[in-house]
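[1] Quick one, structure for this:
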Amino acid sequence: MNSTTFEMTVSIEDERFVGTVGALVLQAAAYAGCESGEATRFAKAVQEAITATLEEPREHPFLPVIVRRRSGPVEVLMNGRILSLDV
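    A predicted model of the protein is given here:
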């Protein structure tokens, strides 16, 4: 793993773990070289999106969340949605 390419997958069941995923996203953005304030705003937006998604009905009890970078923006994929942060 290096700062240009990484991928992590976590699955969460409820809002108790939203802060943990936010911290993971914050670390991933910082690792990719993102400015601190921008990384914090992105992590907060991801947390809000996850919270909203968890409030919706879903087929499976766990929500998979993928945090990745493939020589481009930091991306968070969940429930068919992609949030991205240019680095």
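[2] Does Ser71 touch Thr5 like I think?
    Yes: under the criterion of CB atoms under 8 Å, Ser71 makes contact with Thr5 at 6.1 Å. Where you see a C-beta, it was placed from the backbone N, CA and C, and this is true even at glycine.
[3] So which of those two has more stuff around it?
    Thr5 (12 against 8; other CB atoms under 10 Å).
[4] Please name the residues that touch that one.
    69-71 (CB atoms under 8 Å, 6 or more residues apart in numbering).
[5] Would you mind finding the longest helix in this structure?
    helix 36-55 (DSSP state H).
[6] C-terminal to that helix, what's the next element?
    Counting by DSSP states H and E, the next helix or strand C-terminal to helix 36-55 is strand 63-70.
[7] That following strand vs helix 36-55, what angle?
    150 degrees (axes from the mean of the first three to the mean of the last three CA atoms, to 10 degrees).
[8] show me the contacts for the nearest residue to Lys44 once chain neighbours are set aside.
    The shortest distance from Lys44 to any non-neighbouring residue, by CB to CB, 6 or more residues apart in numbering, is to Gly22 (7.0 Å). Counting by CB under 8 Å, 6+ apart, Gly22 touches 43-44, 46-47, 50.
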